[in-house]
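A.B. asks: Predicted structure and sequence below. I'll ask about it afterward.
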Amino acid sequence: MFDIFYKIDKEVNFLRSYIGNIPAEIYEAFEQKDYGYSLLVKGNAGVGKSTFAFTLLSSLSNIEPIYISTRVAPNSLYSQFPLIKEKLKEENILDATRTYIPPVDSSKKLKTHLLRTIRFADTPEFLKIVYDKVEECNNPVIVIDSWDAVIGSNSRDKIQEWETMLTEFVRQLKIKLLLITETSDKSFLDYIVDSIITLVDAETNGRTLREVTINKVRGIERRQKRYTFTLYNNEFKYCNAYFQPSMVLNSKHYKSKSWNVIRSENENRFSTGNSEIDRLYHGGLRTSTLNLWEIESNVPLSAGSEIFLRMVCNFVSQGLGTIIYSMDGVNSRFIDKNKLFFHLSMEDIGANIRYMVEDIPNVKDKTEIRPYVKKFQLKNFVETFADTYTFLAEKTSFKPVLSIISYDFLKFMGDASDISNEIYNQLKFVRNYNIIEIGIVNQLSNVTHAPDISPVRRNFSLENISYFFDTHMKMIYNNNAIFIYGIKPCSGMYWLKFINDPSDLMHRIELIPMV
């Protein structure tokens, strides 16, 4: 194995090691000992406020939750949120408005329910009953769901008086409180609670992309104002930030690590090197196809690189050829050759990989001769590509060859007709031979706003390119996390969760549905 030293500060190190479902700021606030703390959870109906509350309760240690509901029966609660069953006792689930009478088969069960039901004439009496319940518990955390139903239609002055009493009650008894409200409007509570979060059920291109905003968090450093979250598996799970560590390798202990080949379950398809990504392709990549990857300009290049590196490693480890081209040549940002060397031997790279590198006119190449580099001129791109394909395919009796091409060079073609011809010629070649092409477009649509681009090329949009491709995946960056969805074939939104692996230069990648 080898040593990896991360040049990261203490804060980033904490965020990397924190793997909870709740944003670290909120988790830290509720883990504080010997302090009362109140959190106001805002948002419209159905946005995930109750799910957030139960996920937070399940993640906290050594607490005894008290859930004051206005609409939920214990059995229904446990069925919908099984993660809370071990932590939330049935006798600590209180019906604040006595609006629910469950079906019972004996008077004893009815009596048990009524004893658990809070009966109060006004809110001070409600506080007294809550106080009595708190006295029975060790390290209680109170959830009131929802506060709107408890206060009813009382006057504004009365409500403010009760809210002041409640928050002071929390501070004096040094307990924790979650207040859920059905509105995002600013109110008197905003000024007296310790923290406020607002949940929003947002979307992007018709796909769910919920967000939580940390409006206020007293006594805790707010690392990030807004996070994206999902309710997958009926749990609140925030999408933590993607980090690309700065790594220094101790070359003395550097040893390559053999790639573990992943094969598609469909014999007519080829795996991307990640079974999660294969699902977006309904089992894997098909031969003689063009597969577009649109990457928004704010997505860290290292994130896309990890996906494409897996494709290369998986193909080459099966003895299959790979062609790579981007404008930055052998030092491509999309295919980090240093990480390839970690998983592939120089023998395999020399035999099965060809980096197409554009020859610079009037510049004598003084670099060392590398067998995996193929020089060419841009005007001869298709011809050089065809020769390179034939060279690699002949070695494997014309088994499939993977081609990863960055289409950023199209921005610098002469005009729209040049771009169309180049794409069309490449398309014809791929369609007629055993090639799987990955075409990478890094925010090509923004070329229309560049001042130095001719008016003709301004009219050439991403949609024109997408039309030629069999598949189209898109990566976006939202609240410091990375997401992916399929346009062709159509899919929902997924969070690309990158999990640090101390034994590898690449992360493990999971796809978490955004629901």
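C.D. replies: Cool, got the structure. Residues are numbered from 1 along each chain as shown.
A.B. asks: Tell me where the model's unsure across this structure.
C.D. replies: Along the chain, segments meeting pLDDT under 70 span 1-19, 71, 96-124, 245-256, 330, 333, 361-369, 409-420, 443-464.
A.B. asks: domain assignment for it?
C.D. replies: 22-238, 256-513 (automatic domain parsing).
A.B. asks: For residue 244, find the nearest of these.
C.D. replies: Proximity to residue 244 (Cβ to Cβ) singles out domain 256-513 among these, at 4.2 Å. The way it works is simple: take the backbone N, C-alpha and C, and place the C-beta from them, glycine included.
A.B. asks: What segments of the stretch 201-350 of the chain are helices?
C.D. replies: Taking DSSP state H, counting those that start in this stretch to define them, one finds helices in the stretch 201-350 of the chain at 275-280, 301-316, 337-343, 346-352.
A.B. asks: Out of those, indicate the one that is most buried.
C.D. replies: helix 301-316 (a mean of 22; mean count of other Cβ atoms under 10 Å).
A.B. asks: Tell me the helices and strands packed up against that one.
C.D. replies: strand 289-295, strand 322-325, helix 337-343, helix 346-352, strand 401-406, strand 435-442, strand 493-499, strand 508-513 (3 or more Cβ pairs under 8 Å, 6 or more residues apart in numbering; DSSP states H and E).
A.B. asks: So which of the ones you listed is nearest residue 234?
C.D. replies: Here strand 508-513 is closest among the helices and strands packed on helix 301-316 (Cβ to Cβ), at 12.1 Å.
A.B. asks: Identify the bridge partners of the residue nearest to the spatial centre of the chain.
C.D. replies: For the chain, residue 495 is the residue whose C-alpha lies nearest the centre (Cα atoms, centre = their mean; 2.8 Å). Beta-bridge partners recorded for residue 495 (DSSP bridges): residue 483, residue 512.
A.B. asks: Distance check, it against residue 203.
C.D. replies: The gap separating residue 495 from residue 203 is 14 Å, by Cβ to Cβ, to the nearest Å.
A.B. asks: Check residue 67 too.
C.D. replies: Look at residue 67 and residue 203: by Cβ to Cβ, they are 30 Å apart.
A.B. asks: now swap in residue 44 and tell me
C.D. replies: Distance of residue 44 to residue 203, computed by Cβ to Cβ: 14 Å.
A.B. asks: Could you do residue 216 as well?
C.D. replies: For residue 216, the distance to residue 203 - Cβ to Cβ - is 26 Å.
A.B. asks: Looking at these two, which one has more neighbours?
C.D. replies: Ranked by neighbour count (other Cβ atoms under 10 Å), residue 216 and residue 203 place residue 216 first, with 15 against 11.
A.B. asks: Surely the more buried one and residue 191 touch.
C.D. replies: No: counting by Cβ atoms under 8 Å, residue 191 is not a contact partner of residue 216; they are 9.4 Å apart.
A.B. asks: what's the spacing between residue 190 and residue 210?
C.D. replies: Taking Cβ to Cβ as the measure, residue 190 falls 22 Å from residue 210.
A.B. asks: Give me the more crowded residue out of those two.
C.D. replies: residue 210 (22 against 13).
A.B. asks: ok, that one touching residue 226?
C.D. replies: No: using Cβ under 8 Å, residue 210 makes no contact with residue 226, being 11.0 Å away.
A.B. asks: Can you tell me the element residue 168 falls in?
C.D. replies: Using DSSP states H and E, the element containing residue 168 is helix 156-173.
A.B. asks: which residues touch that helix?
C.D. replies: Contacts to helix 156-173, defined as Cβ atoms under 8 Å, 6 or more residues apart in numbering, come from residues 36-38, 123-124, 127, 130-131, 134, 142, 151, 154, 176-177, 179, 188-189, 192-193.
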